[in-house]
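*Asks:* I'll drop the sequence and a predicted model, then ask my questions.
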Amino acid sequence: MLTKAPKGTKDILPEASPKWRYVEEKFREVCRRYGLEEIRTPIFEHTELFQRGVGDTTDIVQKEMYIFEDHAGRSISLKPEGTAGVVRSYIENKIYAGTKPAKVYYETPCFRYERPQAGRLREFHQFGVEVFGASSMMADAEVITLAMDFLKSVGVGGLELRINSIGCPECRSNYRKALQDYLRPHFDELCEDCKGRFERNPMRIIDCKVPRCGEIAKDAPRMLDYLCEDCSSSFEELKSNLKASGVEFTVDPGIVRGLDYYTKTAFEIVTNTIGAQGTVCGGGRYDNLVEELDGPATPGIGFGLGIERLLIVMEATGAYLPDAEKTDVFIAFIGDAAKAEAQKLARKLRNEGLRVMLDVAERNVKGQFKYSDRVNSRFTATIGDDELASGCVSLKNMETGEQKLVSEVDIPSVVRG
RNA sequence: GUGGGUGUCGUCAAGUGGUUAAGACCCAGGGUUGUGGCUCCUGUAUUCGAGAGUUCGAAUCUCUCCAUCCACCCCA
């Protein structure tokens, strides 16, 4: 137990961290180009924030949150998603009083108590983007385009953008009624899951994978036919804005968000290469959320992008991911005097920016060379009595095997070629 | 929360009731005292996820638990 990470958590080990840093840098870079600033908010918030923000009846809040009481008796929850905390911060810090639209990005761990499976962990990490204060679909298109550009910049292939509109609360409730009216005569034929969904979230029934439910749902009314004038024209605008940005998409009426705050635009970027949990990025518009959390009425649009899932797709599709950095110079030493000189030289070279290794286990020369090879060093410098006497070091190119005496001051230039 | 698969050394993996649990890779040390990647030698599981049971005898059979993977659900 002690030596086992909690279920659904994963260590990011030294061999994986260069890959994480790589996608993190790419994400930051794309956000920079789109004019976003980074925001960092706490890993936990008051439980009530998620109850109100994400929605009291959602699965996430009802059964997936890590909730605990702090020592003063406050109910605290680990964030199950990124948007609520950012919205809270937006309101608390009166960011709405500043320049609008406000555009931010973040990277955060999220926590959901679910059964782990391929592409699903209890602690996972998201990149996220939120844009506040723009009701125009141009904002939606820009946010989606940002996500697509990021994914393109890390070289992942086989991804598909799917968009939908889930309308505003008014047209959604009209639709919901129409859908239930249509489904009601078939209620007994639905699978158990869908019977449960009938009241809770009938829109999910449309996407049910059980064949019988699919047949029934085939002729069900479509959300897109029930959009009000405003929502409907917004959706058309979204499509034309995406086209203007040169982003390809498909309309997927089955996209339903599991978080209550979404309105109008809902989108997912999916892959079929990593198993059942194929949604790499998901997001949408939330025009009422800020107000529902007691802020001034402010429209918003954003997305969350699962980093673990992204990395899995990248690996599955053969996208480039960096390995551990090579060591520039390994310094082998023989004898105590040489050891002192090696330490001195190592520090000097490190201060010049080189990646330098020594065998702090103090093995013999052969062991040091073996170690040097293991850490992928490009050069090995050897210091022993001979070198000490000559004032130079033997510098061996580990790839060609060529070795020559060079002055210590020349090492950086030799190493850098 | 519900299904199903799997659990033998760090990793892959043989073994399916009978005395000492293959092998490969990795790792560590060494091949006489200053040189890696190749090669050679040596070493590393009193133990088969844990516990209980059946049996003269179990890694091999039974039960319980645990872990892990995949799927449902849900979503990133």
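*Replies:* Cool, got the structure. Numbering: from 1, shown residues only, chains lettered A, B, ... in the order given.
*Asks:* What is the host helix or strand of A:Ser413 packed up against?
*Replies:* Counting by DSSP states H and E, the element that carries A:Ser413 is helix A:411-415. Packing contacts for helix A:411-415, counted by 3 or more CB pairs under 8 Å, 6 or more residues apart in numbering; DSSP states H and E, involve strand A:327-333, helix A:336-351, strand A:377-383, strand A:392-397. (Glycine included, C-beta is placed from N, CA and C.)
*Asks:* Mind putting those into TSV with mean pLDDT and mean neighbour count?
*Replies:* Below are the helices and strands packed on helix A:411-415 laid out as TSV (pLDDT from 0 to 100; neighbours: other CB atoms under 10 Å):
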stretch	mean pLDDT	mean neighbour count
strand A:327-333	94	25
helix A:336-351	95	16
strand A:377-383	94	23
strand A:392-397	94	20
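*Asks:* Any chance of a markdown table for the ones you listed, columns distance to A:Asp294?
*Replies:* Supplementary listing: the helices and strands packed on helix A:411-415 in a markdown table, determined by distance: least, CB to CB, whole Å:
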| stretch | distance to A:Asp294 |
| --- | --- |
| strand A:327-333 | 55 |
| helix A:336-351 | 53 |
| strand A:377-383 | 58 |
| strand A:392-397 | 66 |
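*Asks:* right, so of the ones you listed, which gets closest to A:Gly8?
*Replies:* Each of the helices and strands packed on helix A:411-415 has some distance to A:Gly8 by CB to CB; the shortest is strand A:327-333, at 35.2 Å.
*Asks:* Point out where chain A drops to low pLDDT.
*Replies:* Flagging of chain A using pLDDT under 70 yields the residue ranges A:1.
*Asks:* how does it divide into domains?
*Replies:* According to automatic domain parsing, chain A is divided into the following domains: A:17-168+A:228-316, A:327-415.
*Asks:* Go through those domains and pick out the most buried.
*Replies:* For those, ranked by mean neighbour count under the definition mean count of other CB atoms under 10 Å, the leader is domain A:17-168+A:228-316 at a mean of 19.
*Asks:* Over in chain A, which residue gets nearest RNA strand B? Let me know.
*Replies:* Per CB to the nearest atom of the strand, A:Gly258 is where chain A lies closest to RNA strand B, at 0.7 Å.
*Asks:* ok now do that residue, which residues does it touch?
*Replies:* Listed by CB atoms under 8 Å, 6 or more residues apart in numbering, the contact partners of A:Gly258 are A:58-60.
*Asks:* will you turn these into TSV that also has secondary structure and distance to RNA strand B?
*Replies:* Formatted as TSV, the entries for the contacts of A:Gly258 read as follows, by DSSP: H, G, I helix; E, B strand; the rest coil; distance: CB to the nearest atom of the strand, whole Å:
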residue	secondary structure	distance to RNA strand B
A:Thr58	coil	6
A:Asp59	helix	4
A:Ile60	helix	6
